[in-house]
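S.K.: Make a model of this:
(2 chains)
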Amino acid sequence: MRNTGRWRVAATLVVLIGALVLVSSQFVGAQKADPIKVGWVGPLSPPGGYAEGTLMKQAAQLAADEINAKGGVLGRQIQVVFADTRGKPEEGTAAAERLISQEKVVAITGEFHSSVFLAEMEVAHKAGVPIIAVDVWALSITAKGYPEVFRVAPNQALIATKYGDWIAAAGFKNVAVLFEKTDGGQSARDVLLPVLDKHGVKYEVVGADPNSTEFTAQIERFKTKQPPFDFFMTAYSEAGAYPMISQSHTLGFAPSARTGFGNSGGPAVDPTFWKNVGEAGKYVVTEIVGLPKNAWNDKTKAFVAAYTKKFSHTPSPQAIENYDAMLVLVDAIARAKSTDGKALIAALEKTDMVAGRGRYTFSTSKQPDWAYHQFMNAPVALVQYDKVNQAAEDAPIIWPRDIADVKYTYLKPGQ
Amino acid sequence: MSWDYLFVQAANGAVVGVIYALIAVGVTLIFSILKIVNFAHGDLYMLGGYCAYYVIEYLGVPPLGAMVVSMAALFVGAIVLERLMLTPLYSDATERKDEYGLIVTFGLAYFLRNSAVIAFGPFPLKPPSFIPGVQRWGNLIVTNDRLVAAGIGILLIAALLYFMKRTIWGQALDAVSQSRDSAAIVGINARRFNSFAFGIGAALAAAAGALVAPIFSLAPDMGVLPNIHAYVIVILGGMGSVSGSIIAGILLGESENLFTAFFPDPTRAFAYTNAFGVLVLMVFLIFRPQGLFGRRHLRME
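M.R.: Next up, the predicted model:
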């Protein structure tokens, strides 16, 4: 009996590991000879932002499939090697090292967590391998001035500054700011607060654990504030954003006629946003980091159509960022006529191409420091849902005013 | 701060506390019989929530019925897991049973959590409400879903207490928890009750998952924080005491809520809520090391 128990446990473990190997092997598949390997890093499992990571992975694979269908680049196929970094910097370091030393990738794209990317880019920097940041916003990423690091995403200076300017322009005077205690959330806070100071907007700042799902006590506390808060700004990219929006709405705090609601970080444009928040999502303000629908080019339209057909949901901004990152990289490989790191970096610096998010160029200026290798014209627009179940790309653009498609700056609930 | 504000925060804390207690009571039950802390409990809770969600979505069963189906499914599933993975706990050849239990349940937790991303997809899901709408009493606003979760939670805990104290099976379970050898002498098959306790514990986790799904949404990693809460509650309540877990659950819900509500620095109050829960535990254990209703026999004999 004693041995039976042990053998049973051992057999169970073997079966579980076997099942995992089988599941993993389906992602490897058969490969053609000598492809150009491109690394992808990002969260695909907890505790990272695996929802956003999955969207990015899907888009990167779609880009590779399309490029390969057209014959690849330099006469070779592109193979994306995916590495799950689980939202942990140490996993990011290990993934980058494995991709570079074992898989011999020529470049890396991806990542959703700034803290993880900061670890990955150190490895890429030492190895001289180009790395394109896809959806990470911390200023320090490009501010370090590493030649290997390029960023297609906007950064917090380009995003949180817009929120600050918009909050002032919309007439809000007293703002409750809740940020997740991660590199991304803290970077958002650090950029937003000076902008609010500049405009003379008062605020109270609250930090939150990224695993939180219960916000009732905090929201009740906000409700007692005198004079009352007129805007609730959240920099929160985790799944807890949904219960936060639902609880804030149910408790009569925001979005309400008295208090507006903003969420920065991505969950408000993810495919299951409306399923989770329902009515509470109406009037929520969020950002889109893709082109506004009225400015979509042929590549945007083709990507949205192909992605929606393949995955049965519309792409989020993170998805198109990763799709474009792949196109930008392959364009650089084609122009460099080489996969050598230095040649690729030189080619990336000279990038001038139109992809799904507009015309890509990378700044080589270090004024300010975060501008180096940053896609300076990365589109950022603030939208406000005015209907339940509205797609993010159909929501009215309220900021910046030069691309806004409605007359108002802010639609007050009940108006 | 007014009395009204205190009442609102205390009432919300009580509702959250009952939900915590419901999650923790399964851990307590499993601990009292198997003498291991089930660190996969939060992940069984997650599975229970998803199970109820898919029963509602694909079979059109109303939420309450789906909760019962989910409890039954997890009861059976957990017994299979217990038979496959936990049997070395009952063998004399296993010297470090505590460590074995810890490693196996941690491993199971990671396995279930990561498999859930593949099986259920990475995007949060939300089943329909048990009863849509909210109740208002003055400034106190509570959603019907929270009231249903707390109400059914209390009923399930009461049913468990009744079962443990008043039924022959429950008394046999209690006997095993007190002394495995003595229970065997009077003809109780302790091994069968190991499976039974693990199954009941998992069914309670499934009920909790199904009840909170419309409140907090379902995500593959939704069990991480409840795992920590449950562990705190089980220690606070006294390892293995069901009644202790109920009181400790409410105590934790209240202390966390009131800390967020009244801690002088509003910038830090919310961020340190979880740390405060653990601080309460630490201070409590200094004065009462065995917890509220702790018993002394803590190891598998």
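S.K.: Quick check: the gap between the closest residue to residue A:105 other than its chain neighbours and chain B.
M.R.: Counting by CB to CB, 6 or more residues apart in numbering or on different chains, residue A:39 is the residue found nearest to residue A:105 once chain neighbours are left out, at 3.7 Å. In this view, the C-beta of every residue, glycine as well, is placed from N, C-alpha and C. Between residue A:39 and chain B the distance is 21 Å, computed by CB to the nearest CB, to the nearest Å.
S.K.: Residue A:39 bridge partners, please.
M.R.: residue A:81, residue A:108 (DSSP bridges).
S.K.: If I look at it, what pLDDT would I see?
M.R.: pLDDT, residue A:39: 98.
S.K.: Let me know the helix or strand that residue B:164 is in.
M.R.: helix B:144-166 (DSSP states H and E).
S.K.: Check which residues of the helix or strand following that helix are buried.
M.R.: For helix B:144-166, the following helix or strand on the C-terminal side (DSSP H and E) is helix B:168-178. Using 16 or more other CB atoms under 10 Å in any protein chain shown as the burial criterion, the residues of helix B:168-178 that qualify are B:170, B:172, B:173, B:174, B:175, B:176, B:177.
S.K.: okay, these in TSV with pLDDT next?
M.R.: What follows is those, written out as TSV (pLDDT from 0 to 100):
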residue	pLDDT
B:170	91
B:172	92
B:173	89
B:174	86
B:175	89
B:176	88
B:177	86
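S.K.: Make TSV from these and add distance to residue A:265 to it.
M.R.: As requested, these are arranged in TSV below (distance: CB to CB, whole Å):
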residue	distance to residue A:265
B:170	48
B:172	52
B:173	47
B:174	49
B:175	53
B:176	49
B:177	46
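S.K.: which one of the residues you listed is nearest chain A?
M.R.: residue B:176 (18.2 Å; CB to the nearest CB).
S.K.: Isn't the closest one up against residue B:29?
M.R.: No: using CB atoms under 8 Å, residue B:176 is not in contact with residue B:29; the gap is 11.4 Å.
S.K.: Next, show the common contact partners of those two.
M.R.: residue B:197 (CB atoms under 8 Å, 6 or more residues apart in numbering or on different chains).
S.K.: Could you give the backbone dihedrals for residue B:140?
M.R.: phi -80, psi 120 (degrees, to the nearest 10).
S.K.: contacting residues for residue 207?
M.R.: If you meant another chain, say so; for now it's chain A. A:178, A:179, A:180, A:181, A:185, B:267, B:268, B:270, B:271.
S.K.: Let me rephrase: I mean chain B.
M.R.: B:22, B:48, B:67, B:70, B:71, B:152, B:153, B:156.
S.K.: in which helix or strand would I find residue A:55?
M.R.: Judged by DSSP H and E, residue A:55 forms part of helix A:50-69.
S.K.: What pLDDT is listed against residue 127?
M.R.: Chain wasn't specified; assuming chain A. 97.
S.K.: wrong one, chain B
M.R.: At residue B:127, pLDDT is 96.
S.K.: From residue A:126, how far off is it?
M.R.: 48 Å (CB to CB, to the nearest Å).
S.K.: Same check on residue A:216?
M.R.: 47 Å.
S.K.: Those two: who's more crowded?
M.R.: residue A:216 (27 against 13; other CB atoms under 10 Å in any protein chain shown).
S.K.: which residue sits closest to that one, ignoring its sequence neighbours?
M.R.: residue B:12 (5.0 Å).
S.K.: Could you do residue B:65 as well?
M.R.: residue B:55 (7.7 Å).
S.K.: Strands along the chain, start to end?
M.R.: Using chain A. A:36-42, A:78-84, A:107-110, A:131-133, A:149-151, A:174-180, A:202-208, A:231-235, A:260-264, A:284-288, A:353-355, A:358-360, A:381-384, A:397-399 (DSSP state E).
S.K.: Chain B is the one I meant
M.R.: Under DSSP E, chain B gives strands at B:134-137, B:140-143.
S.K.: next one: the last one to chain centre, how far?
M.R.: For strand B:140-143, the separation from the chain centroid amounts to 23 Å (computed by CA atoms, centre = their mean, to the nearest Å).
S.K.: could you list every residue that touches the residue nearest in space to the middle of chain A?
M.R.: In chain A, the residue lying closest to the centroid (CA atoms, centre = their mean) is residue A:135, at 3.4 Å. Contacts for residue A:135 were tallied using CB under 8 Å, 6+ apart; they are A:52, A:56, A:111, A:112, A:153, A:266, A:289, A:317, A:318, A:321, A:322.
S.K.: ok, now how distant is it from residue B:105?
M.R.: 34 Å.
S.K.: now swap in residue A:197 and tell me
M.R.: 49 Å.
S.K.: Quick check on those two: which one has the bigger neighbour count.
M.R.: Neighbour count, other CB under 10 Å: between residue A:197 and residue B:105, residue B:105 has more, with 23 against 12.
S.K.: Okay, now the unreliable bits of the chain?
M.R.: Assuming you mean chain A. A:1-5, A:20-33 (pLDDT under 70).
S.K.: was after chain B, sorry
M.R.: Those would be B:1, B:295-301, if you go by pLDDT under 70 across chain B.
S.K.: hey, where'd the helices end up in it?
M.R.: Along chain B, counting by DSSP state H, helices occupy B:3-34, B:41-59, B:63-81, B:97-120, B:144-166, B:168-178, B:180-185, B:190-216, B:224-237, B:242-262, B:266-269, B:273-287.
S.K.: Could you export the shortest one as CSV, CA atoms only?
M.R.: Output in CSV follows, covering the C-alpha atoms of helix B:266-269 (Å, rounded to 0.1, in the frame of the first residue of the first chain):
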residue,chain,number,x,y,z
PRO,B,266,-5.2,58.7,2.9
THR,B,267,-2.3,58.1,0.4
ARG,B,268,-1.2,55.0,2.2
ALA,B,269,-4.3,53.6,3.8
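S.K.: what about it, distance to the chain center?
M.R.: For helix B:266-269, the distance to the chain centre is 28 Å (CA atoms, centre = their mean).
S.K.: same check, this time on the longest one
M.R.: Its chain's average C-alpha position is 9 Å from that of helix B:3-34, according to CA atoms, centre = their mean.
S.K.: and residue 37, how many neighbours?
M.R.: Assuming you mean chain A. 19.
S.K.: looking at chain B here, not the other one
M.R.: So residue B:37, with other CB under 10 Å, has 22 neighbours.
S.K.: Show me which residues of the stretch 151-300 of chain A sit near chain B.
M.R.: A:178, A:181, A:204-209, A:211-218, A:220-221, A:224, A:239, A:242-243, A:250-252, A:270-272, A:275-276 (CB under 8 Å from any CB of the partner chain).
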